[in-house]
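Visitor: Dropping a prediction and its sequence here:
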Amino acid sequence: MRRMLLAVAGMLGLMTSLLAGSPAAADVPEVVFSSDFEDGTTQGWFRRGTAVLAASDAQAHGGSYSLLTTGRTAGWHGPAVDLLGTLVPRAVYEVEAYVRLQEGSPTTQLQMTVQFVPESTGQTRWQQVASEPAVTDQSWTELRGQYSPPESGFELQLYIESPDPTVSYYVDDVTVTMIEPPPDSELPPEETGRVDFATKRQHIDGFGFSEAFGRAAVMNGSEGLTPENQRKVLDLLLNPETGAGFSILRLHIASTPEDSIQPEDPKGPDAEPRYEWDGYDMGQVWLAKHAMDYGLERFYADAWSAPGYMKTNGDEANGGMLCGVPGTDCDEDWRQAYANYLLQYVRFYADEGIRITDLGFTNEPDFTASYSSMRFDDAQIVDFVKAMGQAIDRSGLDLNLVCCDAAGWNRQVDYTRAIEADPQSAAWVDIHSGHSYVSRARSPLPTDDPVWMSEYALPSGTAWVEAWDGNPSAGLVLANDIHDTLTLAEANAYITWFGASVGFTAAPIQLDGPDFNVSSRLWATAAYSRFIRPDAFRVEAQTSGQLMKISAYENSDGSKVINVINNRESGVSLDLALHGVSSSSHVVTYLTDETHSLERMEESVTGSDLTVELPPRSLTTLVLHDCTTSIAGSRTGPLTVDSGVTCLAQGSRIAGPISVRSGGSLVAVDASVDGPVAASDAATVRLVGTTVRGPVRVSDVTERLLISQSEITGPVAVTGVQTGYAPVAISGNTIGGPLSCEDNSPSPVNEGKPNAVVGPTSGQCVGL
C-alpha cells in the first residue's frame, strides 16, 4: 500500500485528553464511553460538514434506536463525538461501533477516524482507527480498532465517514474500552518473568522490507544519494552484525506499461509473449544483489496487479479483476497467461543470479486504489490459486506460493478460510499473508501453514519522525506492534513496508537527496531482526509486569534472544527464571530508548536466574550463548581452551597464562588473569571489564573479537582477524604497552570509547 494511503490509514488511532498526569493504574477492561441512542436522542454526537443526524427507529443493532446520518456531500462529513477529557495519554483502548447503510444504498466502505490536535505541535492530524470495505444495507457490520493516545491534546473528535460522499448510514452501539491502563509510577519496582526455551511456539522465517515503486532506484542514487551513503544505507538495513540484518526482501512485480516485463498486449492470451527485461527492474536487481552479499536468501516477489490488458477494467490501476476468474465476463481468459507472466519474472531474476523463493499474485485484493490494484473475492482467489499452483508445478521452479496480502488481517482470515476449505487450493498455498492496515494482526490465521505479516507501516503524518516515544510513528510504538504480531498473531515473518523512502515517510530511513536520516524505528526493528535469525523458534515467555511485554526465541545455532518492552513511565527490576538453558550462559544486554539505539550496555555470565534492570519506556534485548565450561572463583595454573566456549564469570581469577586454540572461544567478564592471554585461530575472544597482568596477543579469530573496558598491563597485538560483518572492537581499555593492529577485517573500532595506551599505537589501531 503506497504512502498516499498511509498518510490516512495506519496503525493506532490518535485519541488523547488534556489530562497531563498519569492516574493510578485502573482495573481493565473498563468501558469509558458508550452510545446506544436508546433515549431517542443523538446523545451528544454532532455533525461534520453538511451531515444531518437523527435518532432513528428504522434500524437498530441492539434495542430500538440507532443514529442515522444523511445529507452528506463530502467523504469527511458524518457523525462525530468529542472525547477530549475522556481518554488519557498512553492508555490502550479498543473502539467498537456497528454500522449499516440506509435501505437502497449500494455496498461501500465505512471507517472510523480521529481528528486530533496534539499539544506538542498544535497541528491537526487525522488518523484512521478502523475500516470495513464492504458495508451493506442488509446487515450490521462491526468497526473495531485499537489505539493508544501518545500525549495530551487540544482537540479530539471521533467520527465515522465514507469515501462515498453521499451515502447515508446508521451507527449503533459505540463503545470505547480501556484494555491497558496508562503507565503509572506507583507500579511495583520489581516484577518477575519466566522463559522456557524447551517449549517452542512458531518458527520464524525472518524479517523483511520492500523498496517497491522505484525506491530501490532512489537508494541506488537516482535522486542524488552519494555512493558512500548508499553503502551506509545498505549496511543499516542489511548488515547482520551492526544494522537491522533484514532477511527477507519483498520485490514489486510492476504492472505499469513503463515498468512491466510485458508492457503491451501480445494480441491475446494465447499469442506468443513479448517480454522485455532491462536487468535493473527499478533498482530492485541492484538491491537484491547487494542483499545477497550480506547473506539474504529469501526473496518474495509480489504483483500488485496484472497489466491492464488482462483485466476487466482495461487498467492496471483502480481495481478491476483478472479476466477469466469466476464472475468476470471477458472475451478472453487471461489466467494462464498471467501465471506465465509471473513465472517469467522469476526466470528473469534467475538469469541475474537471484533466486526468488516466494511468489505472490495479488496485493490487497480487498482494496481498490488509484495506483496498481486488482480485486479478488474469495471464490476468485480459490480459482486462481489452482491455476497458479499448477503453473508453478509445471515450470519446475522451486517456489512457495504466497496468498493473499489482504489490506486487513481480519479480511485475510476470510481468504485463508476459503482456501483451506478447498482441498485443491489448500494444497498449493505454502504461505498465508496479510497486512495490518485495515485491521491489525492480533490473532492467528485459520491455517497450519506459515503465516506472514507481509506489509505494515506506522502512520507517516506530515513530518519526518525520528523520536523513540511520544508520537504515533515512534520507535516504541513499532516495537509493540512487532511484539504483538509475533505473539498474538503467531506470525512467522514480519515485513515492514519501505526500508528507506523519501519525504514524510514512516520507513526507518529517510532518503534526502545526497544524504539520509535514521529513525529510532530502525533500532526497534533491529532488536528483533538482527538477533532472531531465519529458522529460529519463538518460545514460551511470560511476565507478571503490568505494561510490560516479553518474547523469547532460540536460533538454530543455539543462541537465545529475549526482548522485553517496558511501557511504564517508571523503571522496573525484572527477575527472570530461565528454563531449558545450560548451567551457565554468557549474556549480552542491549538497550533501545530515547538515548540509546540498540546499544550494548553490559555483559555477564549467569545461570538459570537473571535479573534485568529495565529503564522506563524502553526495549531491552538479551542475547544468550551457552557456556561449555564456566569458571568461578580462583584457579591456579595455565588454562588451555581448545574447544567449546569457556566463560570466566564475574570475580573469577586465573593465576596463570591462558591459551585459546583453533575452534575454541573465551569469554571473560569482570575477571582477572595473572599471565598473558594468547589466542590463535580461535572462534571468539571477549575480554570485558577484565584485568590481564601481561600481554594480549590475538591472531586469526574467525567469529568475534571484543576487548572492552579492560586493564591490560602489557602490550596488545591483534593480527589477521577476519570476522566478516562482526566489528573488531577494542574500546575503552587501559593498555600498559604498545597497541598494534595489522591485516584485520573489519578494521578495529573503538565504539566511541577511546583507549588509554601507554606506548605507541601502530597499523590499523592508530587513532583508537
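Guide: Arrived safely.

Visitor: if you go through the stretch 301-450 of the chain in chain order, where are the helices?
Guide: 335-351, 378-395, 409-421, 423-428 (DSSP state H, counting those that start in this stretch).

Visitor: Got phi/psi on Asp430?
Guide: The phi/psi pair for Asp430 (degrees, to the nearest 10) reads phi -100, psi -30.

Visitor: Might one say that it is in contact with Asn400?
Guide: Yes: the criterion here is C-beta atoms under 8 Å, and Asp430 meets it with Asn400 at 3.9 Å. Every C-beta, even on glycine, is put in place using the N, C-alpha and C of the backbone.

Visitor: Would you mind grabbing the residues shared as contacts by the two?
Guide: Asp358 (C-beta atoms under 8 Å, 6 or more residues apart in numbering).

Visitor: Next one: the closest residue in space to Asp414 that isn't next to it in sequence from His435, what distance?
Guide: In this structure, Asp414 finds its nearest non-sequential neighbour in Asp378, 6.1 Å apart by C-beta to C-beta, 6 or more residues apart in numbering. From Asp378 over to His435 the distance is 17 Å, taken as C-beta to C-beta, to the nearest Å.

Visitor: neighbour count winner among these two?
Guide: His435 (29 against 19; other C-beta atoms under 10 Å).

Visitor: Any idea what that one is bridged to?
Guide: Here His435 sits in beta bridges with Glu455, as judged by DSSP bridges.

Visitor: Next: Ser680.
Guide: The partner residues for Ser680, given DSSP bridges, come to Ser699.

Visitor: Equivalent analysis for Glu599, please.
Guide: Leu591.

Visitor: starting at the chain centroid, how far to stretch 143-159?
Guide: 23 Å (C-alpha atoms, centre = their mean, to the nearest Å).

Visitor: Sorry, slip of the keys, the one I care about is stretch 606-617.
Guide: 24 Å.

Visitor: export that stretch as CSV, just CAs?
Guide: Output of stretch 606-617 as CSV, limited to C-alpha atoms (Å, rounded to 0.1, in the frame of the first residue of the first chain):
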residue,chain,number,x,y,z
THR,A,606,24.8,-16.2,34.6
GLY,A,607,22.9,-19.4,35.5
SER,A,608,19.2,-20.1,35.3
ASP,A,609,18.2,-16.9,37.2
LEU,A,610,18.7,-13.5,35.7
THR,A,611,17.8,-10.0,37.0
VAL,A,612,17.5,-7.2,34.4
GLU,A,613,17.0,-3.5,35.1
LEU,A,614,14.5,-2.1,32.6
PRO,A,615,14.6,1.7,32.2
PRO,A,616,11.2,3.4,31.6
ARG,A,617,9.7,3.4,28.1
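
Visitor: Going by neighbour count, list what's buried in that stretch.
Guide: Thr606, Leu610, Val612, Leu614, Pro615, Pro616, Arg617 (16 or more other C-beta atoms under 10 Å).

Visitor: Need the three-state assignment for the third one.
Guide: The three-state label for Val612, taken from DSSP: H, G, I helix; E, B strand; the rest coil, comes out as strand.

Visitor: wait, what's in contact with it?
Guide: Val564, Ser573, Leu574, Leu576, Thr589, Thr620, Leu622.

Visitor: a helix runs through the fourth one, doesn't it?
Guide: No: according to three-state DSSP, Leu576 belongs to no helix; its state is strand.

Visitor: export the buried residues of stretch 606-617 to JSON lines and tack on distance to Val99 and pLDDT?
Guide: Output for those, formatted as JSON lines (distance: C-beta to C-beta, whole Å; pLDDT from 0 to 100):
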{"residue": "Thr606", "distance to Val99": "54", "pLDDT": "94"}
{"residue": "Leu610", "distance to Val99": "49", "pLDDT": "94"}
{"residue": "Val612", "distance to Val99": "46", "pLDDT": "96"}
{"residue": "Leu614", "distance to Val99": "41", "pLDDT": "97"}
{"residue": "Pro615", "distance to Val99": "43", "pLDDT": "96"}
{"residue": "Pro616", "distance to Val99": "39", "pLDDT": "93"}
{"residue": "Arg617", "distance to Val99": "36", "pLDDT": "92"}
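
Visitor: pLDDT added to the contacts of Val612, as CSV?
Guide: Shown next, in CSV, are those (pLDDT from 0 to 100):
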residue, pLDDT
Val564, 98
Ser573, 96
Leu574, 96
Leu576, 97
Thr589, 98
Thr620, 98
Leu622, 98
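
Visitor: Any chance of those residues in JSON lines with secondary structure and neighbour count as columns?
Guide: Output for those, formatted as JSON lines (DSSP: H, G, I helix; E, B strand; the rest coil; neighbours: other C-beta atoms under 10 Å):
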{"residue": "Val564", "secondary structure": "strand", "neighbour count": "26"}
{"residue": "Ser573", "secondary structure": "strand", "neighbour count": "14"}
{"residue": "Leu574", "secondary structure": "strand", "neighbour count": "22"}
{"residue": "Leu576", "secondary structure": "strand", "neighbour count": "22"}
{"residue": "Thr589", "secondary structure": "strand", "neighbour count": "18"}
{"residue": "Thr620", "secondary structure": "strand", "neighbour count": "23"}
{"residue": "Leu622", "secondary structure": "strand", "neighbour count": "23"}
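
Visitor: can you put these in JSON lines and add distance to Asp196?
Guide: Listed next are those as JSON lines, based on distance: C-beta to C-beta, whole Å:
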{"residue": "Val564", "distance to Asp196": "15"}
{"residue": "Ser573", "distance to Asp196": "21"}
{"residue": "Leu574", "distance to Asp196": "16"}
{"residue": "Leu576", "distance to Asp196": "11"}
{"residue": "Thr589", "distance to Asp196": "20"}
{"residue": "Thr620", "distance to Asp196": "19"}
{"residue": "Leu622", "distance to Asp196": "15"}
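
Visitor: sorry, back to before: would CSV of the helices of the stretch 301-450 of the chain with mean pLDDT be doable?
Guide: Output for the helices of the stretch 301-450 of the chain, formatted as CSV (pLDDT from 0 to 100):
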stretch, mean pLDDT
helix 335-351, 98
helix 378-395, 98
helix 409-421, 97
helix 423-428, 97
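
Visitor: These: which one's closest to Val660?
Guide: helix 335-351 (43.5 Å; C-beta to C-beta).

Visitor: same for that closest one, what does it pack against?
Guide: When contacts are defined as 3 or more C-beta pairs under 8 Å, 6 or more residues apart in numbering; DSSP states H and E, helix 335-351 sits against strand 248-253, strand 298-303, strand 358-360, helix 378-395.
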